[in-house]
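**Student:** generate coordinates for the sequence data below:
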Amino acid sequence: MSKSKIFLLVSLIFLSANFIWLIYFDNQEYNPDFIFDKFYQFEAKVLDRDKKISGWNLLVEPKDLDNFSGKILLYTDLYPEYKQGDLISASAKVYKPEPIIDESGKSFAYDKYLAKDGIYATGYRPYIKRLGQERDFLFYIYQVKNYFWQNLNNYLVEPSSSLAKGMLLAARREIPDELRNDFARVGLSHIIAISGLHIAIIVWLIQSFLIFIGLNRKKSFIALLIILLLYLFLIAFPSSALRASLMVVFVLLGPFLGRNTPSVYSLVLVADIFVLINPYVLLYDIGFQLSFLAVLGLLFYVNFFKRVLVFIPERFKIREVFSVTLAAQVFTWPLIVYNFNIFSIAAPLVNFIILPILPLVLVFSFALAIFGFYSPIAQVISWPLFLILKFIAEVAKYFARIPYTYFQFDNFSLLYMCLSLAFMFLLTYVLKPLDYED
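**Tutor:** Model prediction:
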């Protein structure tokens, strides 16, 4: 047996063992000496915030809570607002997260989902007093982000404003529910979620564009790395986007070091490392799962589809865009159906229409966010951006209203998802798509 096959076998055993341990044997107790379901007063620092329909989720790190280590997720009212870096005194009943059952009857391990990010308690509508502000590195990042947010708000009307903030600043909650549902039905949710699937597709397309304009693989990799760092800086380095970016970068590192093509082994290795550092990402981080499966699909199927779809013209990289769109969804669709209960027939076509103009949205949104202080320039930028975002919303709305463009699967269980993935892997073994490398 070759070294590469031994490596894949060992990795498969390692990941399978972690999967089984998480499902059947993970009984780890966090903060066992801490008494939950009790009122506490404590000082804390606001690490992050996420806007909901009727309030905010504040992620805080308590400083003087005896026998407790980790972070607490506090659900607060819309007003007054608290920002990243705020030092607060909070009085709240502190709860231990528990698994929840959704409307379709699926059990969701909410406690483990939070634990993967070091969150071990929750609190609802606490009394909060602001004590001051800690101006660290992240504080200044969020100041820039808030400045961008305000500029997009000032020059764009809804739903364009919400879409721009969702795509550029990861502010998905700002988008109206009806539009979010339309995006889910046509397979566009990834463009407003800064998800692993979204980052994998965008990075792949940017790299293809950089090579298309004449940069060699090494120069395009360096340019891509700079673009990714700037983007992660802008959205304040969320863990999901950081993991997805690292996964894609490690895979593309092969061509940078001189290999002809990106390596499946690099992808598996970086997945092993992530799981070794934090086992919970394997089962409870959909961003990690989508990143891995999307990149795996890109590695196996981009060139396969480029060879099969010969009837699609190569001009303006049309065939490349369609191939990337299809390849990224080969292994991700079972996971998407399991988590969101929707299978979109229209997804390949809608993504084919929207993905080529997505870089324009990011460029115009970024420019408007920067130059919002100067009205003449901002007005010039905002009009084409508004039209592009309006077009995206109308495309999603149009295809979501066509009968049979999507199907609802409320009983798509974990078993069905695993069987579907197994079928796709078996199909890949039969098709041998890597034989179609350029």
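**Student:** list the strands paired with the strand ranked longest in the chain, with their directions.
**Tutor:** Criterion DSSP state E: the longest strand present in the chain is strand 38-51. Take DSSP bridges as the rule and strand 38-51 pairs in its sheet with strand 55-62 (antiparallel), strand 86-95 (antiparallel).
**Student:** distance from the chain centre to it, please.
**Tutor:** With Cα atoms, centre = their mean, to the nearest Å as the basis, strand 38-51 stands 25 Å off its chain's centre.
**Student:** could you check how far stretch 20-27 is from the centre of its chain?
**Tutor:** Distance, centroid of stretch 20-27 to centroid of chain: 25 Å (Cα atoms, centre = their mean).
**Student:** thought S240 was touching F288, still the case?
**Tutor:** Yes - assessed by Cβ atoms under 8 Å, F288 is found in contact with S240 at 7.4 Å. To be clear about C-beta, it is placed using only N, CA and C from the backbone, and glycine gets the same treatment.
**Student:** which one of those two is surrounded by more residues?
**Tutor:** Legend: neighbour count by other Cβ atoms under 10 Å for F288 and S240, higher for F288 (24 against 21).
**Student:** run a quick neighbour tally on I277.
**Tutor:** Using other Cβ under 10 Å, I277 has 9 neighbouring residues.
**Student:** equivalent analysis for Q150, please.
**Tutor:** So Q150, with other Cβ under 10 Å, has 13 neighbours.
**Student:** could you check how far it is from F237?
**Tutor:** 21 Å (Cβ to Cβ, to the nearest Å).
**Student:** likewise for F300?
**Tutor:** 30 Å.
**Student:** okay, the two: which has more neighbours?
**Tutor:** Counting neighbours by other Cβ under 10 Å for F300 and for F237 shows that F300 has the greater number, 21 against 13.
**Student:** my guess is N153 contacts S161. True?
**Tutor:** Yes - counting by Cβ under 8 Å, S161 is a contact partner of N153 at 5.7 Å.
**Student:** the more surrounded of these two?
**Tutor:** S161 (21 against 16).
**Student:** check which helix or strand that one maps to.
**Tutor:** Per DSSP states H and E: S161 is located in helix 160-169.
**Student:** could I have the next helix or strand after that helix exported to PDB, CA atoms only?
**Tutor:** Under the assignment DSSP H and E, the closest C-terminal helix or strand after helix 160-169 is helix 177-185. The C-alpha coordinates for helix 177-185 follow below in PDB (Å, rounded to 0.1, in the frame of the first residue of the first chain):
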ATOM      1  CA  ASP A 177     -37.000  37.000   6.100                       C
ATOM      2  CA  GLU A 178     -38.800  36.700   2.800                       C
ATOM      3  CA  LEU A 179     -35.700  37.500   0.800                       C
ATOM      4  CA  ARG A 180     -33.600  35.100   3.000                       C
ATOM      5  CA  ASN A 181     -36.200  32.400   2.300                       C
ATOM      6  CA  ASP A 182     -36.000  33.100  -1.500                       C
ATOM      7  CA  PHE A 183     -32.200  32.800  -1.300                       C
ATOM      8  CA  ALA A 184     -32.500  29.500   0.500                       C
ATOM      9  CA  ARG A 185     -34.900  28.100  -2.100                       C
END
